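Participant: Attaching a predicted model along with its sequence, questions to come.
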Amino acid sequence: MVEKPLDDTKTYPHMAHWFDPVLLLQLLNNVVVSSIFGQYADRRLMIAALDTVPPEEHARRAEEFRTRLKPDDQGGVWIDWVADLGDGFDSTYAVASLLAKKQLKVGDVDLPRGEALVMGGDEVYPKATRQAYTHQLWQPYAWAAPDSSKKNDAGRPLLAIPGNHDWYDGLVLFLALFSREKPWHIGAWRSYQRRSYFAVRLTETWWLWATDIQLADNMDQPQFDYFKHIAAHMPENSKIILCSAEPGWLYTDTNRNSWEIMEYAAGIAMNAGRGHAIPILLSGDTHHYSRYVGKDDRQYVTSGGGGAFLHPTHQLKQDISLRLVDHREALKLGTMQNPNDQNRTTAAAYPSFETSRALTLRNAFFAFSNWDFSLLMGGVYFVFAALISLRDHPDVYALIAAVFGASLIGYTIKQEVSTKFKIWFSSALHAAAHAAVLICSARYAIAFNEQHFAWNGEWWDVWKWLGLLAAEMVPVGFLIGSTLFGLNMMVTCLLLRMNRNDAFSSLRIGAYNNFLRIRLTDDGFDLYAVGLEKVPQRDDWIANSKHNRNAPDPEVPVFVPKTELKPHLIERVSLRFGAKQAGPAA
């Protein structure tokens with residue numbers, strides 16, 4: 001990949017326009033195709049068949065990773081976690097710029113850069129294409145930490161977990177880039193893994209496991225065999241950071257398979273008979289930061305703020321019950337210091353519940369922020385109005401109500417993966433509102449036109465009539481129909497814990513980003529959640545005068561913001577085994 005001229009930032013994508021009708025059709029096609037053929041061409045099986053090395057080689061690779069990591073002066077090892085990146089260029093580059101800093105100051109805390117970077121899933125949005133991997137992943141990170149030697153494969157190791165968006169091309173590009181024998185250079189970082197799932201040793205006592213659950217939320221046999229062998233090889237009483245592309249603990253009411261696969265992986269480790277423990281479970285997929293606490297202070301952390309659109313936090317449950325291997329695990333939403341009042345605590349979530357609710361209200365302006373979808377709604381309203389003009393009869397009204405009802409109820413059930421009463425009721429109410437507005441406005445427009453339109457018996461009279469009807473009904477669909485769509489998402493997201501994804505993908509908020517910086521020691525860990533509330537706009541990035549294209553320095557980014565980025569510490573969680581010290585940092 002060739003670095004682009006400095007003035008080419010204008011060509012790099014903004015946040016994905018998720019309600020663009022063309023994109024919706026393309027994504028639907030990707031989901032259908034990948035779901036059908038993914039089962040018959042599971043590339044996890046293919047890569048395992050090609051990577052025909054003895055089990056001892058897998059263990060050697062896992063052990064060798066540790067030699068790439070340099071402990072700090074006190075013997076701790078730092079690693080970085082970022083997930084759900086590669087959406088808007090500006091937000092992705094802002095986060096990459098912070099990850100690239102050798103020393104990051106957040107408030108009164110100085111955090112050294114991680115010795116390794118783990119990307120926790122969905123490395124590109126909305127589709128896995130070569131252009132997306134180039135412009136939305138490789139280029140931001142290559143500009144944040146320029147590659148000083150393209151011939152030198154030594155560098156900070158990078159590991160990546162595939163998410164569902166990486167799987168939409170059958171994982172072809174992900175494997176070609178991240179799992180090849182010769183490391184892929186992503187700026188100053190170097191790919192390390194040979195499969196889409198992996199285990200690596202981080203310290204004397206700490207290991208990191210990352211699963212690949214594919215689109216079907218399952219674990220293939222070679223992956224099971226791989227982790228079983230690793231678990232048997234690991235020293236007794238090892239500590240594991242278990243990573244997945246989905247926070248199954250948040251999806252127990254919508255997608256139980258997601259948690260069951262994570263529990264299955266945990267079972268491989270905990271049933272190995274060697275005393276292994278899992279103090280931390282990490283995931284992205286949900287684009288916010290949240291932390292739950294389970295048995296023995298086990299931390300369940302979701303951090304998906306690497307550059308994708310924001311997800312809400314106010315829908316998070318205070319308590320979650322799930323099964324973990326041989327016992328029931330009761331999770332409680334963690335607490336941290338309230339940033340506005342040091343004497344109070346608040347939910348361990350970013351953004352705050354209050355901010356999340358306030359942002360949801362922006363859906364009142366859905367019709368204008370998603371103008372292309374609004375044009376589609378205008379077209380739908382016009383087509384049905386034309387049908388009414390041909391046959392103004394109750395059976396046509398029944399057809400309109402049935403079409404809106406079936407489509408909106410079916411879509412919502414599919415999105416929420418539930419058939420609860422609230423799904424049916426809210427969707428039916430939504431459909432009824434569309435049908436009522438459409439039928440009433442169409443009847444009024446037709447009656448008005450019949451009084452003022454003169455038929456001359458010419459063939460173009462039909463086109464004039466349709467043109468007049470379109471001029472009346474398209475604005476109704478654009479303004480009222482699309483606004484109804486936005487209001488439905490706003491109300492259900494605020495009150496019914498529904499439309500978590502749609503209500504915020506429509507807003508395309510690239511701010512409130514987050515990533516993790518973790519320090520591992522033999523007796524525990526310190527987890528720092530770093531937040532970035534504001535992201536520079538496209539015109540706010542300027543060429544760095546210190547950057548030398550002929551002799552790039554990994555510590556000198558290609559672009560810098562006009563106003564310095566202001567990361568802050570969301571919270572610090574510290575735990576020492578045998579002596580709990582968990583809580584937020586000042």
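Facilitator: Nice, I can see it. No experiment lies behind these values; they were computed from the predicted model shown. Numbering: from 1, shown residues only.

Participant: for the residue lying closest to residue 546 once chain neighbours are set aside, what are its contacts?
Facilitator: Excluding its sequence neighbours, the residue lying closest to residue 546 (Cβ to Cβ, 6 or more residues apart in numbering) is residue 556, at 5.0 Å. For the C-beta atoms, the positions are set from N, CA and C on the backbone; glycine is no exception. Counting by Cβ atoms under 8 Å, 6 or more residues apart in numbering, residue 556 makes contact with 146, 544, 546-548.

Participant: quick one: pLDDT of residue 556?
Facilitator: With respect to pLDDT, residue 556 scores 91.

Participant: Now do it against residue 307, distance only.
Facilitator: 21 Å (Cβ to Cβ, to the nearest Å).

Participant: what comes up buried for the longest helix seen in the chain?
Facilitator: Longest helix of the chain, by residue count under DSSP state H: helix 421-452. Going by neighbour count (16 or more other Cβ atoms under 10 Å), the buried part of helix 421-452 is 423, 426-428, 430-431, 433-435, 437-439, 441-442, 445-446.

Participant: just stretch 464-483 next, same as before
Facilitator: 465, 469-470, 472-478, 480-483.

Participant: and what of stretch 329-342?
Facilitator: Across stretch 329-342, burial judged by 16+ other Cβ under 10 Å covers 329, 331, 333-337, 339.

Participant: Which of those fall in strands?
Facilitator: 329, 331, 333, 335-337 (DSSP state E).

Participant: out of those, who's nearest residue 89?
Facilitator: Residue 89 lies nearest to residue 336 out of those, by Cβ to Cβ, at 30.7 Å.

Participant: Quick check, that closest one in contact with residue 350.
Facilitator: No - Residue 336 is not in contact with residue 350 according to Cβ atoms under 8 Å; the separation is 9.0 Å.

Participant: least confident pick among the buried residues of stretch 464-483?
Facilitator: The model is least sure about residue 465 among those, giving it 82.

Participant: just checking, it touches residue 450?
Facilitator: No - counting by Cβ under 8 Å, residue 465 stays clear of residue 450, with 9.6 Å between them.

Participant: hmm, back to that, how about the buried residues of stretch 329-342 in a markdown table, adding pLDDT and distance to residue 494?
Facilitator: Below are those laid out as a markdown table (pLDDT from 0 to 100; distance: Cβ to Cβ, whole Å):
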| residue | pLDDT | distance to residue 494 |
| --- | --- | --- |
| 329 | 92 | 29 |
| 331 | 95 | 24 |
| 333 | 96 | 19 |
| 334 | 94 | 23 |
| 335 | 92 | 23 |
| 336 | 91 | 23 |
| 337 | 86 | 26 |
| 339 | 75 | 23 |
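
Participant: Of the residues you listed, which is the nearest to residue 387?
Facilitator: residue 333 (49.9 Å).

Participant: show me the contacts for the closest one.
Facilitator: With Cβ under 8 Å, 6+ apart, residue 333 has these contacts: 290-292, 316-319, 347-349.

Participant: how about 10 Å then?
Facilitator: 290-293, 300, 313, 316-320, 347-349 (Cβ atoms under 10 Å, 6 or more residues apart in numbering).

Participant: Among those, which are located in strands?
Facilitator: 290-293, 300, 319-320, 347, 349.

Participant: Please identify which of these is nearest to residue 213.
Facilitator: For the ones in strands among the contacts of residue 333, the minimum distance to residue 213 (Cβ to Cβ) is 16.5 Å, reached by residue 300.

Participant: what about that closest one, how many neighbours?
Facilitator: Applying other Cβ atoms under 10 Å, we find 26 residues neighbouring residue 300.

Participant: contacting residues for it?
Facilitator: Residue 300 neighbours (Cβ under 10 Å, 6+ apart): 242, 247-250, 262, 280-283, 290-294, 320, 322, 329, 331-334.

Participant: what is it paired to in the beta sheet?
Facilitator: As for beta bridges, residue 300 partners with residue 281, residue 292 under DSSP bridges.

Participant: Equivalent analysis for the one 5 residues further on, please.
Facilitator: In this structure, residue 305 has the following beta-bridge partners (DSSP bridges): residue 514.

Participant: Neighbours of the closest residue to residue 105 other than its chain neighbours, how many?
Facilitator: Excluding the flanking residues, the one nearest residue 105 by Cβ to Cβ, 6+ apart is residue 111, at 7.7 Å. Residues near residue 111, counting by other Cβ under 10 Å, number 21.

Participant: and the helix or strand that residue 111 is a member of, what other elements does it pack with?
Facilitator: Assigned by DSSP states H and E, residue 111 falls within strand 109-112. Judged by 3 or more Cβ pairs under 10 Å, 6 or more residues apart in numbering; DSSP states H and E, strand 109-112 is in contact with strand 77-82, strand 103-106, strand 513-521, strand 524-532, strand 568-576.

Participant: residues of that strand that come out buried?
Facilitator: residue 111.

Participant: got the CA coordinates for it in PDB?
Facilitator: What follows is strand 109-112, C-alpha atoms only, in PDB (Å, rounded to 0.1, in the frame of the first residue of the first chain):
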ATOM      1  CA  VAL A 109      -1.900  10.200  35.100                       C
ATOM      2  CA  ASP A 110       0.900   9.300  32.600                       C
ATOM      3  CA  LEU A 111       0.300   6.100  30.700                       C
ATOM      4  CA  PRO A 112       3.100   4.500  28.700                       C
END
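
Participant: If anything else comes up later, I'll come back, but that's it for now.
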